[in-house]
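Asker: Here is my input; please provide its structure:
(one chain, ligands or ions: 2)
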Amino acid sequence: MSNKVYIFDTTLRDGEQVPGCQLNTIEKIEVARQLEKLGVDIIEAGFPISSPGDFNSVVEISKAVTNPTICALTRAVKKDIEVAADALKFAKRGRIHTGIGTSYYHITSKLNSNPDEIIERAIEAVKYARRFVEDVEFYAEDAGRTENEYLARVVEAAIKAGATVINIPDTTGYCLPGEYGEKIAYLMNHVPNVDKAIISTHCHNDLGMATANTLSGVINGARQVEVTINGLGERAGNTSLEEVVMAMKSHKDLDFETGIDAKQIIKSSKLVSTLMRMPVQANKAIVGRNAFSHSSGIHQDGVLKNRENYEIIDPADVGVKESSIVLTARSGRAALKHRLQVLGYNYEGAELDNIYQKFLALADKKKDISDEDLDILIDSEQEKEDRSIRLESLQVICGKSTIPTATVAVNFSGDVFTETASGNGPIDAAFSAVKNLMKRKVHLEEFLIQAITRGSDDLGKVHVQVEHKGQTYYGFAANVDIVSASVESFIDAIAKIG
Ligand code: KIV
Ligand code: ZN
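Answerer: Ligands and ions are numbered 1, 2, ... in the order given. Have a look, this model is predicted:
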């Protein structure tokens, strides 16, 4: 048996069934083109009878992409099959995907039928689809909960009728990996004509088993996997393409091959997430924001020594530039030193210790520390060293029904002077106190506060511009406390007057 595993992407059909994820035809074409770049073998482009929009999308995708087979879904209903065949008329290689429910639930309470009649309808649908296309895939809906012996009869009949691919969907995501693998193994061993078709997995993620079930299916003989980008799909979603592909790539011992260019994975994930307005959870395997980021000191130190200490996939292999070291209060000196080096600062020994303490103080106030935060931390450290006049302490009282009052202490080359003033707000009060202390007649010309990254715990950057005797002086400071940053920047500007 060949070790090539065909990748059947159903992002544009099963994935697109998710409420709120609907795409227009232009967006679908964009996704289909990216799927082609990614190297999928089959694109399930839609369910043409379901709406004119879906019909049109299958037509346009058939025209827009060349390499993948274009597949259209139908029920085991003649009209569905005719419409699907019509939608596929421009496809270089078209496939009709037809099928019917085979579990006890579906046969009795959905289709109001009986097992023998279901087999007859399956045969009829496959034969009818074969009149239009050579490539017909048959799905036994809810195969996950279908008794294996009966499922084998259905599969044998569908292959005999002309099906080239047999899809074994775990429609409700019920199976456990061992159970799903055994189901595929049972079919491989008990369906006499199984070698005439490719067995396909189609797993849903209701119990979080979709990837495990899919791999178990492949290990037991399936050679096509039905997947979606980011695991999008009904309810808890479908099997995610990136997880299955990277599991196969990482476990070389399994010896499976796919035609996927893994470097296109992140690009595909981002495109689908943006167009379908479905953010990817941060800790999602392979494509989540945190999939290659390390935040604890022990892991950061290990990764810096050798990436493989804590990473089983090279991020570059899936299109991520590099792993990231997220600086938080749990980061160690090694991670800080490394990041500072990347930013062009070289600190060692006591100097590094000093910056590390400042970094920890900031990290305790902010969730994570960005490169911009580090730049500002270093700049303000260097400025503090140069400054002979600096803010020593600040206390403000403000709030509803309170007169804003500020007590400011300024250090003038070692001598500390204190002043209290009130104003129309805490910054106005503090600025009045500074003016009194610094004994300079200044006019505030510009005052700008900016948050650097995001979040209410962010560092605030303050720029001020003051005028004194016709001359302009500039001040700057950054602090998680914007009143402190404002006062520091004001002092910085006035101190420059000399
Ligand atoms: O989950 C399912 O059973 C399906 C079929 C229509 C293939 O999506
Ligand atoms: Zn499905």
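
Asker: What residues does the stretch 101-250 of the chain have near ligand 1?
Answerer: 139, 141, 167, 169, 171, 202, 204 (Cβ under 6 Å from any ligand atom). All C-beta atoms are positioned from the backbone trio N, CA, C, and that covers glycine.

Asker: mind checking how far the last one is from Val303?
Answerer: Spelled out, it's His204. Separation of His204 from Val303 (Cβ to Cβ, to the nearest Å): 35 Å.

Asker: what's the answer for the fourth one, then?
Answerer: For Pro169, the distance to Val303 equals 40 Å [Cβ to Cβ].

Asker: give me the residue from the stretch 1-150 of the chain nearest ligand 1.
Answerer: Tyr139 (4.0 Å; Cβ to the nearest ligand atom).

Asker: so what pLDDT did that residue get?
Answerer: As predicted, Tyr139 sits at a pLDDT of 98.

Asker: Looks to me like it is in a strand.
Answerer: Yes. Tyr139: assigned to a strand according to DSSP: H, G, I helix; E, B strand; the rest coil.

Asker: give me the beta-bridge partners of it?
Answerer: With DSSP bridges applied, Tyr139 shows beta-bridge pairing to Gly99, Asn167.

Asker: you'd agree it is up against Val165?
Answerer: No. Judged on Cβ atoms under 8 Å, Tyr139 makes no contact with Val165 at a distance of 9.2 Å.

Asker: Of the two, which one has the most company?
Answerer: A count of neighbours by other Cβ atoms under 10 Å puts Tyr139 above the other of Tyr139 and Val165, at 28 against 25.

Asker: pLDDT below threshold where in the stretch 1-150 of the chain?
Answerer: Within the stretch 1-150 of the chain, not a single segment meets pLDDT under 70.

Asker: no no, the stretch 351-498 of the chain
Answerer: Checking the stretch 351-498 of the chain against pLDDT under 70 turns up 382-387, 452-454.

Asker: Show me where it has its helices.
Answerer: Here the stretch 351-498 of the chain has its helices, by DSSP state H, counting those that start in this stretch, at 371-386, 426-438, 482-495.

Asker: Please identify the deepest-packed of those.
Answerer: For these, average neighbour numbers computed from mean count of other Cβ atoms under 10 Å are highest in helix 482-495, which has a mean of 24.

Asker: what does that one rub up against?
Answerer: Contacts to helix 482-495, defined as Cβ atoms under 8 Å, 6 or more residues apart in numbering, come from residues 383, 387-391, 394, 396, 406, 408, 410, 426-427, 430-431, 434-435, 438, 440, 442, 444, 447, 449, 460-466, 468, 473-479.

Asker: got the angle for that helix vs helix 426-438?
Answerer: 30 degrees (axes from the mean of the first three to the mean of the last three Cα atoms, to 10 degrees).

Asker: mind checking how far helix 482-495 is from the chain centre?
Answerer: Put simply, helix 482-495 sits 40 Å off its chain's centre (Cα atoms, centre = their mean, to the nearest Å).

Asker: before we move on, the earlier item: CSV please, covering the helices of the stretch 351-498 of the chain and showing distance to ligand 1.
Answerer: What follows is the helices of the stretch 351-498 of the chain, written out as CSV (distance: least, Cβ to the nearest ligand atom, whole Å):
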stretch, distance to ligand 1
helix 371-386, 45
helix 426-438, 60
helix 482-495, 53
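
Asker: one step back: report the separation between the residue of the stretch 1-150 of the chain closest to ligand 1 and Ser486.
Answerer: In terms of Cβ to Cβ, Tyr139 sits 65 Å off from Ser486.

Asker: what do you get for Leu241?
Answerer: 51 Å.

Asker: Tell me, how many residues neighbour Ala122?
Answerer: 25.

Asker: Let me know the helix or strand that it is in.
Answerer: Counting by DSSP states H and E, the element that carries Ala122 is helix 115-130.

Asker: Show me what that helix is packed up against.
Answerer: helix 78-87, strand 94-101, strand 135-141, helix 148-161 (3 or more Cβ pairs under 8 Å, 6 or more residues apart in numbering; DSSP states H and E).

Asker: Check whether Val326 really touches Lys366, as I assumed.
Answerer: No. Counting by Cβ under 8 Å, Val326 stays clear of Lys366, with 11.7 Å between them.

Asker: just for the stretch 151-300 of the chain, where's the confidence low?
Answerer: Looking at the stretch 151-300 of the chain by pLDDT under 70, you get an empty list.

Asker: Return the nearest residue of the stretch 201-350 of the chain with respect to ligand 1.
Answerer: His202 (5.4 Å).

Asker: isn't that residue right up against Asp170?
Answerer: Yes. Between His202 and Asp170 there is a contact under Cβ under 8 Å: 7.1 Å.

Asker: what residues are up against the residue of the stretch 1-150 of the chain closest to ligand 1?
Answerer: 97-100, 166-167, 169, 202.

Asker: Next, count neighbours for Ala247.
Answerer: By other Cβ under 10 Å, neighbour count at Ala247 equals 19.

Asker: In terms of secondary structure, what does the strand or helix carrying it contact?
Answerer: Assigned by DSSP H and E, Ala247 belongs to helix 241-250. Packed against helix 241-250 by the contact rule (3+ Cβ pairs under 8 Å, 6+ apart) you find strand 6-9, helix 210-219, strand 224-227, helix 265-275.

Asker: Point out the most buried one among these.
Answerer: strand 224-227 (a mean of 28).

Asker: Which neighbouring elements make contact with that strand?
Answerer: strand 6-9, strand 165-170, strand 198-203, helix 210-219, helix 241-250.

Asker: Show me what that strand is in contact with.
Answerer: Contacts of strand 224-227 (Cβ under 8 Å, 6+ apart): 5-10, 14, 41-42, 44, 165, 167, 169, 198-203, 214, 217-218, 238-241, 244.

Asker: let's see it at 7 Å
Answerer: 5-10, 165, 167, 198, 200-202, 214, 218, 238-241, 244 (Cβ atoms under 7 Å, 6 or more residues apart in numbering).

Asker: tell me the domain boundaries of this protein?
Answerer: Per the record, the chain has its domains at 6-275, 293-382, 387-495, by automatic domain parsing.

Asker: Just name the most buried of the ones you listed.
Answerer: Of all these, domain 6-275 carries the top mean neighbour count, a mean of 21, counting by mean count of other Cβ under 10 Å.
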